[in-house]
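1. sequence first, then the predicted structure:
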Amino acid sequence: QLQFVESGGGSVQPGGSLRLSCVASGSDFGYQAIGWFRQAPGKEREGVSCFRSDASTNYLDSVKGRFTISRDTAKNTAYLQMNDLKPQDSGVYYCAIDRNFCYRATSMTPRGSSWGPGTQVTVSS
């Protein structure tokens, strides 16, 4: 069972960029479908982007062209490069295994019920 620790969040102005990292402890990182989720205040947690074991990816429509998900299997680390950030991108970002195998971003569902600490992203002028 993988566990994740997220980092890289911060406060930026609209149009700014951040690169989030998610380090996984445990085995089989390269064989899992892993996704980035986010939760804004007062809203449900939602899937943002994910990759499958073959490194193919999916994105929420609202972040396509602005966010790029990637991984380094040697480091057991997933990344989310976020460009042209908008206030609606604000929230706490988490990593988790997607039990729906990254079929599509809108169907991303975390496996298990425990989450890492998350990393806060605030986009505001």
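-> That came through fine.
2. quickly find the element holding the spatially most central residue of the chain.
-> Most central in the chain under CA atoms, centre = their mean is W36, positioned 1.8 Å from the mean C-alpha point. Assigned by DSSP states H and E, W36 belongs to strand 34-39.
3. and that strand, average pLDDT?
-> Across strand 34-39, the average pLDDT comes to 96.
4. which elements pack onto it?
-> Secondary-structure packing of strand 34-39 (3 or more CB pairs under 8 Å, 6 or more residues apart in numbering; DSSP states H and E): strand 18-25, strand 46-51, strand 77-82, strand 91-97. From N, CA and C alone the C-beta is placed, and that goes for glycine too.
5. re the thing from before, list the residues that contact the residue nearest to the centre of the chain.
-> L20, C22, G47, V48, S49, C50, I69, A78, L80, Y93, Y94, C95 (CB atoms under 8 Å, 6 or more residues apart in numbering).
6. and those as TSV, adding pLDDT, neighbour count and distance to T109?
-> Listed next are the contacts of W36 as TSV, based on pLDDT from 0 to 100; neighbours: other CB atoms under 10 Å; distance: CB to CB, whole Å:
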residue	pLDDT	neighbour count	distance to T109
L20	98	25	20
C22	97	27	17
G47	96	23	8
V48	98	25	13
S49	98	25	14
C50	97	29	10
I69	97	25	17
A78	97	26	17
L80	98	25	18
Y93	98	25	17
Y94	97	22	13
C95	96	28	14
